[in-house]
Structure formats: structure tokens, C-alpha cells
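In: Just the structure for this:
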Amino acid sequence: MSKLIESLQSTVLAHQSETAIVGEESRTFSQLWSRTDAFAGGLRNRDLGAGERIGIRVADPRAFLVAFYGSLRNGCVPVTMPLEYDERAVATALEMADATAVVTDLERLPSILVGADSVRLGVRVGGGTGMGVSLESFLDNSGMNSTGTRSGIDMIRRGDEEVGLIAYLGEYDGEPLAITYSQSALAAAGRTGGGALELGQSDTATAVSPADGARAGQLGVLQLANPLELLFGATATLVQGDRYRPLETWDPETVRSLRYTTALKRVFLTPTHYDELRGLEGGTAAETRELPDETSAPFDEGDMAGVAILESAGESASIKDGVSLVGTPETGLTHVRLPADRAAGRLGEPLPGVQATVRQDGDAGDTARAVDADGDAASAGEVAVTGPTTMQGYLERPAMTEQMVTTTEETRWILMGMQATTTDGTIVLEGEISTPLPSMG
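Out: Sure, this is the predicted structure:
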């Protein structure tokens with residue numbers, strides 16, 4: 001059975017009164033858990049049960065996480081969608097996923113419900129009236145265990161290999177593109193993220209611990225519809241009992257200030273974000289006025305501790321002292337890449353449970369062979385990885401899935417779209433890191 005929600009429940013019991021989500025509307029672990037219970041109760045009250053698919057297209061990270069964890073608690077499958085999707089794209093995505101409900105902050109909810117025949121429930125987030133039910137009204141119930149007994153239902157358990165998440169990434173060939181993850185992959189991402197990511201924390205880091213001894217956590221810059229941020233960022237942070245501080249609007253000055261004045265372990269950035277943050281180096285007095293005196297100087301060695309650049313967006317950046325994480329939504333995060341690795345062109349250190357290989361075309365037709373990292377590949381091939389957080393496949397796109405997945409000696413490998421060789425047991429990349437399909441950065 002999936003362990004993600006059970007792990008979150010254990011964390012809630014250990015940290016009930018402590019802050020889980022930081023911001024203008026902070027939530028304690030107990031409050032977060034109660035709201036997920038109410039969301040699951042709202043689904044049950046409307047006869048939506050295990051295996052049904054619940055669309056989530058919401059900007060507010062608090063509402064997003066409540067819908068995500070609440071759907072999982074009820075045994076449902078969250079269907080997450082990027083904020084770039086308008087009403088038409090959302091309706092198409094819901095229909096493709098055969099979703100029966102949608103939670104959204106888009107104004108024209110009726111057009112979504114009309115366009116998606118499979119949907120029979122719409123939940124509105126934010127203002128607006130008319131068709132559908134408001135989120136607050138939807139949460140106004142006694143939860144999954146309506147009797148309040150110790151033997152009552154607290155969560156619906158699903159098999160490890162059943163679908164746990166459908167994550168839309170964007171569009172491909174003019175149609176919404178989504179990948180599916182198993183329940184076990186969700187749990188593995190919660191374990192792998194957070195503490196397993198060594199992001200260069202050192203004695204030179206200048207982050208300040210608040211006087212109240214607040215726990216450190218993750219600053220959320222990327223939208224939660226990005227499965228890397230959702231699973232390896234927010235979920236891993238909360239499962240470990242740390243704070244998640246979402247930043248709803250990207251602002252490099254705010255990010256820089258928060259990294260110095262709050263207790264933060266991590267922030268995931270795209271290469272573009274990283275370049276903008278580094279661009280504040282040597283900023284004007286006005287840009288640094290609110291920072292402590294000892295941190296108002298330009299960046300120096302160690303200042304980017306805790307910053308992880310996601311090297312999977314098909315972008316490039318002049319990465320200096322920042323740590324980068326390699327991976328795609330299709331593979332999950334797979335490697336930690338230090339400055340020395342980038343200088344030498346190495347792929348980096350694999351995360352727990354991850355194996356990498358170089359796949360080369362064989363001499364006969366479409367056959368292929370995989371050269372493991374302890375062997376040498378004389379010519380470049382494509383990097384492939386296997387691990388606990390890889391996707392099951394692309395939703396309703398079997399041909400595309402077949403192109404991205406290869407099996408060697410009963411091991412399932414996901415291609416990463418990167419060319420490399422192996423030398424002395426080390427995978428050395430040929431050129432820049434990129435992603436084979438237009439996945440989210």
C-alpha cells in the first residue's frame with residue numbers, strides 16, 4: 001500500500017501545533033490535516049470514491065495542497081494542471097484523464113463543466129458565484145470519519161502500483177501532455193526529497209535562524225503543478241516535519257532577502273531564475289537596505305548554499321557556486337551536481353535508489369545495449385535512469401511512452417535526452433543538459 005499519506009499522518013501527530021505552511025495564511029500541521037480530512041469528506045459526501053480522478057488547477061498553494069492530500073486520503077487520483085492552462089485546456093485535460101471533479105480558481109467554471117463530459121462536480125477557489133460549490137462550503141463537513149469513532153475511516157489505502165498522480169506538464173503536438181506516477185513513486189519522492197538532497201550547506205552559509213527557533217524548510221518558488229516542486233519540494237519538506245514557505249509571485253529580491261533572514265534549507269530554481277538571482281550581485285544600496293549588515297555585500301563563495309538549479313528545463317545558466325539537481329518530471333530528481341561535476345562535465349552523484357546507464361544503438365536493427373556506469377562506452381549514447389520515482393508513462397500516449405522507456409534484463413529505464421560516454425566508471429555528458437520533451441521547468 002502507499003505510504004505517503006501514512007507518512008504525512010505520522011508527521012502531523014509529532015508536530016501538531018507547529019507551523020507547516022508559512023505565509024499570510026499560515027497553517028499548522030493539525031490545521032492542514034483537518035482540512036485534508038474535510039476535503040476527503042466532501043468527496044465522500046458526493047459519492048466520489050477510490051480511483052476517481054480529481055482535477056486541480058489552482059494558484060493558491062494552500063488550497064492546492066489541501067486538494068492534493070485530501071484526494072489521496074480518499075483514495076482518489078489527483079490530476080494536477082499548470083497555471084498556463086485556460087478553461088479550454090483544463091476541460092480537454094479533464095476529459096483526457098476521465099476526471100469526475102475539478103477544483104479551480106478559473107472564473108469561467110461553467111465552460112469547463114460543459115466542455116468536460118466526465119466531470120460532475122466543480123469546486124470554486126476564491127471569488128465568484130454560480131455553478132459549482134465554493135471550497136469553503138465544500139470543506140464544511142465532519143470529515144471522512146463522520147461518526148468520530150476510533151474505528152472510523154481515516155484514509156483509503158491503495159496498492160503500491162496503482163496510479164497515484166496524473167501530472168499535466170504543458171502541451172505537445174497541440175494537445176495537453178500528462179504523465180502518471182504510481183503510489184509507490186509518490187512515497188519514494190517524499191523520502192528522497194528534503195534531507196537526501198545535499199545542497200551545499202556549509203559553514204560559510206549566512207542564513208539566520210529566527211529567535212523563536214523555527215524549523216528550517218523549503219522556499220517554494222516554482223508552481224506546485226510542477227511535480228518536482230510538489231513531490232521533492234513541498235511534500236518531502238512537510239513529511240519531514242519542516243516548514244514550506246510558498247512564494248506565489250517570483251521576485252528575486254524577495255528570495256534573496258528570505259534566504260538570509262529566515263531559516264531555509266532549500267529553494268529550487270530554474271536556470272532563468274538563477275541568472276536573475278545572481279544578477280543582484282553588487283546591487284544598489286536600495287536593493288540591500290533591508291538585509292542585515294553582514295549580508296549586504298555582494299555574493300561570495302558559499303552564498304548560494306541551499307540553492308538548487310533544476311538542470312532539466314532545456315535552458316542554460318552560468319552556474320557558479322550553486323548546486324544543481326538533474327532530473328525531469330518523467331524521471332524525478334536523479335542526481336546532485338556540484339560545481340566540480342559541472343566543471344568536469346560529469347552527470348553527478350545519484351540520489352538513493354537511482355542507477356544511471358548509457359544506452360547505445362546496437363548493430364542489429366532497433367536492438368540496443370546499455371553500458372552501466374562501471375564500464376566504458378567508446379562512443380556517445382543516451383543517458384537513461386532507473387529508480388523509485390520514475391513515471392509509469394504518458395497518459396493516453398502509448399507510442400510516446402514506448403519511445404521513452406527501454407527494458408534491459410528486466411530493468412525498466414527512462415531515457416533522459418542527454419548524450420554521454422562512460423569513462424573509468426563515470427558518466428561524462430556530451431554538451432548541455434536538456435530534456436527530450438517540453439516538460440515544465
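
In: low-confidence ranges in the protein?
Out: 1-2, 128-130, 146-153, 194-216, 263, 281-306, 312-322, 361-379, 432, 434-441 (pLDDT under 70).

In: In it, spot the strand with the most residues.
Out: Ranked by residue count, the top strand of the chain under DSSP state E comes out as strand 411-423.

In: Show me what that strand is packed against.
Out: With contacts taken as 3 or more Cβ pairs under 8 Å, 6 or more residues apart in numbering; DSSP states H and E, strand 411-423 sits against strand 355-361, strand 368-372, strand 381-386, helix 398-404, strand 405-408, strand 426-429. Quick note: C-beta positions are derived from backbone N, CA and C, even for glycine.

In: Indicate which one of those is closest to L94.
Out: Shortest distance between L94 and these, using Cβ to Cβ, is found for helix 398-404: 20.2 Å.

In: May I have that closest one as CSV, with CA atoms only?
Out: The C-alpha trace of helix 398-404 is given here as CSV (Å, rounded to 0.1, in the frame of the first residue of the first chain):
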residue,chain,number,x,y,z
PRO,A,398,1.5,4.6,-25.6
ALA,A,399,3.7,5.2,-28.6
MET,A,400,5.4,8.1,-26.9
THR,A,401,5.9,6.1,-23.7
GLU,A,402,7.4,3.3,-25.7
GLN,A,403,9.9,5.8,-27.2
MET,A,404,11.0,7.0,-23.8
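
In: hey, where'd the helices end up in the stretch 1-150 of the chain?
Out: For the stretch 1-150 of the chain, the helices defined by DSSP state H, counting those that start in this stretch cover 4-14, 29-45, 61-73, 87-97, 109-115, 135-138.

In: for those helices, which one ends up most surrounded?
Out: helix 61-73 (a mean of 25; mean count of other Cβ atoms under 10 Å).

In: export that helix as CSV, just CAs?
Out: Provided in CSV are the C-alpha atoms of helix 61-73 (Å, rounded to 0.1, in the frame of the first residue of the first chain):
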residue,chain,number,x,y,z
PRO,A,61,-0.6,26.8,-2.7
ARG,A,62,-2.6,26.2,0.4
ALA,A,63,-5.8,25.3,-1.5
PHE,A,64,-3.7,23.2,-3.9
LEU,A,65,-2.1,21.1,-1.1
VAL,A,66,-5.4,20.6,0.6
ALA,A,67,-7.0,19.3,-2.6
PHE,A,68,-3.9,17.1,-3.4
TYR,A,69,-3.6,15.4,0.0
GLY,A,70,-7.4,15.3,0.5
SER,A,71,-7.8,13.5,-2.8
LEU,A,72,-5.1,11.0,-1.8
ARG,A,73,-6.7,10.4,1.6
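
In: And it, what does it pack against?
Out: Checked by 3+ Cβ pairs under 8 Å, 6+ apart, helix 61-73 has helix 4-14, strand 19-21, helix 29-45, strand 53-57, strand 77-80 packed alongside it.

In: if we go to 7 Å?
Out: Judged by 3 or more Cβ pairs under 7 Å, 6 or more residues apart in numbering; DSSP states H and E, the packing partners of helix 61-73 are helix 4-14, helix 29-45, strand 53-57, strand 77-80.

In: Same list as before, the helices of the stretch 1-150 of the chain that is, but in CSV and with distance to V307 included.
Out: Below are the helices of the stretch 1-150 of the chain laid out as CSV (distance: least, Cβ to Cβ, whole Å):
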stretch, distance to V307
helix 4-14, 25
helix 29-45, 26
helix 61-73, 20
helix 87-97, 32
helix 109-115, 37
helix 135-138, 33
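
In: can you list the domains in the chain?
Out: Domain assignment for the chain by automatic domain parsing gives 4-187, 194-310, 326-429.

In: Could I get the buried residue list for stretch 159-178?
Out: Buried residues in stretch 159-178, counted by 16 or more other Cβ atoms under 10 Å: 162-171, 176-178.

In: contacts for that stretch?
Out: Residues from elsewhere that reach stretch 159-178 (Cβ atoms under 7 Å, 6 or more residues apart in numbering): 1-2, 53, 77-82, 84, 89, 92-93, 96-97, 179-186, 227, 329, 392, 394-395, 437-440.

In: before we move on, back to that, save the buried residues of stretch 159-178 as JSON lines, and put in secondary structure and distance to V103 too.
Out: As requested, the buried residues of stretch 159-178 are exported to JSON lines (DSSP: H, G, I helix; E, B strand; the rest coil; distance: Cβ to Cβ, whole Å):
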{"residue": "E162", "secondary structure": "coil", "distance to V103": "21"}
{"residue": "V163", "secondary structure": "strand", "distance to V103": "18"}
{"residue": "G164", "secondary structure": "strand", "distance to V103": "17"}
{"residue": "L165", "secondary structure": "strand", "distance to V103": "15"}
{"residue": "I166", "secondary structure": "strand", "distance to V103": "14"}
{"residue": "A167", "secondary structure": "strand", "distance to V103": "15"}
{"residue": "Y168", "secondary structure": "strand", "distance to V103": "14"}
{"residue": "L169", "secondary structure": "strand", "distance to V103": "19"}
{"residue": "G170", "secondary structure": "strand", "distance to V103": "20"}
{"residue": "E171", "secondary structure": "strand", "distance to V103": "21"}
{"residue": "P176", "secondary structure": "strand", "distance to V103": "17"}
{"residue": "L177", "secondary structure": "strand", "distance to V103": "21"}
{"residue": "A178", "secondary structure": "strand", "distance to V103": "17"}
